[in-house]
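Trainee: Below are the sequence and a predicted model for it; my questions follow.
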Amino acid sequence: MDIPGYSIDWDRVIHEAQDAKRIIIRLPPGFMRHAKQIITFIQHNSEATVVLSAEHCYGACDYPPDIFSLGDTTEKIFHFGEARMPSLSLPPSVIFFEAQSCHSDIEPLLDTATQYLSGSIIGITATTPFIQTVHTCSSYLKTKGYHPLIGTKGKRATYDGQILGCDLTAATTIQSTVHSYLHIGDGYFHPLGIALATNKPVIVLDPLLKEIKKQEITQLREHILRQRMSTVAQAHDADSFGIIICKKIGQNRMPLAQNLKRILEKKKKKVNLFLLDTITPAHLDYLDMDCFVSTACPRIAIDDQSLFKQPILTPLEVEILLGYKDWETYKFDQIL
Ligand code: SF4
């Protein structure tokens, strides 16, 4: 069994499948195109009936409570791609099979990356598929005279140095010591989070595209901050606020939502709380509010704002809007 570019412990998959009568498969969006292959593989290697959970699964947090209602003791849920989120109490029948990137020949890229690092003390971070490379990077940087640091993992992470869009602890625990960060991963969202949370330069080594992002993250940070200021400004005239609470177990922040309702109502705003599974423009249009506040995945307000016609604020932006905090204290929303 082969998923191009990734290694998964398929022997463990077969082993875990042996005592299951039914297996529900959860896949990240990038793995959906391999779904039929994975289903066939498990069916050929076990007696289990295999069911694909065909909705998008965006992270280890992404568990709608009703996914367990079908469950019995012979049912297992196989979650591919992600590492288990330690702070989330899921039943032992949920089994994670991490996917590690095979694009791990990063030494030539490391050589280029060092040309752009600021200072001598470098924080090293990575997303889950590249987490094994943080020690390679650390050893390499030491040979070049740097002092690399790998930050202690947060509650939602499995490994030291591991960054999630909602848990940047591995970067923030070392922010007072490091001069800049070297982040290993693809995409922009995670390094943007580090730059917003720490205000330090972030150089990205992307093993998939085989490229180094140098100034791009600093520029993106400035762009996103301007965009967030404009979103908060749009919310100034809003009278009605919808606070979004996500049903998914790892994104549900009900107490925070209730606190936001209280502080908005103190300022005479009309506030409703909305429980949602998937948050789409169609859902929000139907609810007809002037402004929304997302207590769900931080990505929704920051990454997806352009999809929505109403301003979507983060919890901290509500405090800025109401005058309890100022922009100098701006922090990236995290679920800690
Ligand atoms: S809350 Fe968002 S960023 Fe955090 S693990 Fe879930 S999908 Fe990823």
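Mentor: Structure received.

Trainee: what ranges do the helices span in the chain?
Mentor: 10-17, 35-44, 107-113, 133-143, 169-172, 189-198, 216-234, 254-266, 281-287, 298-303, 315-321 (DSSP state H).

Trainee: Just put those in TSV and tack on mean pLDDT and mean neighbour count.
Mentor: Yep, even glycine has a C-beta here, placed from its N, CA and C like the rest. Listed next are the helices of the chain as TSV, based on pLDDT from 0 to 100; neighbours: other C-beta atoms under 10 Å:
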stretch	mean pLDDT	mean neighbour count
helix 10-17	97	15
helix 35-44	96	15
helix 107-113	92	15
helix 133-143	95	18
helix 169-172	98	24
helix 189-198	94	23
helix 216-234	95	15
helix 254-266	98	15
helix 281-287	90	13
helix 298-303	91	20
helix 315-321	97	20
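
Trainee: Can I get those in a markdown table including distance to Glu328?
Mentor: A markdown table is the format used below for the helices of the chain (distance: least, C-beta to C-beta, whole Å):
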| stretch | distance to Glu328 |
| --- | --- |
| helix 10-17 | 48 |
| helix 35-44 | 47 |
| helix 107-113 | 31 |
| helix 133-143 | 32 |
| helix 169-172 | 17 |
| helix 189-198 | 13 |
| helix 216-234 | 11 |
| helix 254-266 | 20 |
| helix 281-287 | 30 |
| helix 298-303 | 19 |
| helix 315-321 | 10 |
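
Trainee: Could you give the separation of stretch 95-107 from the chain centroid?
Mentor: 17 Å (C-alpha atoms, centre = their mean, to the nearest Å).

Trainee: Over to stretch 122-134?
Mentor: Mean C-alpha position of stretch 122-134 versus that of the full chain (C-alpha atoms, centre = their mean) differs by 14 Å.

Trainee: try stretch 209-218
Mentor: On C-alpha atoms, centre = their mean, the centre of stretch 209-218 falls 19 Å from the chain's centre.

Trainee: Would you mind listing the buried residues in it?
Mentor: 212-214, 216-218 (16 or more other C-beta atoms under 10 Å).

Trainee: Other residues contacting it?
Mentor: Identification of contacts with stretch 209-218 by C-beta atoms under 8 Å, 6 or more residues apart in numbering yields 103, 109, 112-113, 116, 186, 188, 191-192, 194-195, 201-206.

Trainee: Can I get it in PDB? Just the C-alpha atoms.
Mentor: Provided in PDB are the C-alpha atoms of stretch 209-218 (Å, rounded to 0.1, in the frame of the first residue of the first chain):
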ATOM      1  CA  LEU A 209       7.700  22.800  -3.200                       C
ATOM      2  CA  LYS A 210      11.400  22.600  -2.300                       C
ATOM      3  CA  GLU A 211      11.600  26.300  -1.700                       C
ATOM      4  CA  ILE A 212      12.400  28.800   1.100                       C
ATOM      5  CA  LYS A 213      10.000  31.600   2.000                       C
ATOM      6  CA  LYS A 214      12.000  34.600   3.200                       C
ATOM      7  CA  GLN A 215      10.300  37.900   3.500                       C
ATOM      8  CA  GLU A 216       6.900  36.500   2.500                       C
ATOM      9  CA  ILE A 217       5.700  35.700   6.100                       C
ATOM     10  CA  THR A 218       6.600  39.100   7.500                       C
END
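
Trainee: picking that back up, overlap between the contacts of stretch 209-218 and the residues near the ligand?
Mentor: Checking the contacts of stretch 209-218 against the ligand by C-beta under 6 Å from any ligand atom, not one of them is in range.

Trainee: List the contacts of the residue most central in space within the chain.
Mentor: Residue closest to the mean C-alpha point of the chain, counted by C-alpha atoms, centre = their mean, is Gly165 at 3.1 Å. Neighbour list for Gly165: 59, 189-190, 193, 297-299 [criterion: C-beta under 8 Å, 6+ apart].

Trainee: quick one: it from Ser240, how far?
Mentor: 28 Å (C-beta to C-beta, to the nearest Å).

Trainee: now swap in Glu16 and tell me
Mentor: Distance of Glu16 to Ser240, given as C-beta to C-beta: 48 Å.

Trainee: Export the buried residues of stretch 209-218 to a markdown table and append columns for distance to the ligand.
Mentor: Below are the buried residues of stretch 209-218 laid out as a markdown table (distance: C-beta to the nearest ligand atom, whole Å):
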| residue | distance to the ligand |
| --- | --- |
| Ile212 | 24 |
| Lys213 | 20 |
| Lys214 | 25 |
| Glu216 | 20 |
| Ile217 | 17 |
| Thr218 | 22 |
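
Trainee: ok, which pair from those residues is furthest apart?
Mentor: Ile212 and Thr218 (13.6 Å; C-beta to C-beta).

Trainee: Can you name the residues of this structure sitting close to the ligand?
Mentor: So the chain meets the ligand at 58-62, 164-166, 250-251, 297, 299, 335 (C-beta under 6 Å from any ligand atom).

Trainee: my read: Gly154 touches Cys166, true?
Mentor: No - at 9.1 Å, Gly154 does not count as touching Cys166 under the criterion of C-beta atoms under 8 Å.

Trainee: Show the pLDDT at Gly5.
Mentor: Reported pLDDT at Gly5 in the predicted model: 87.
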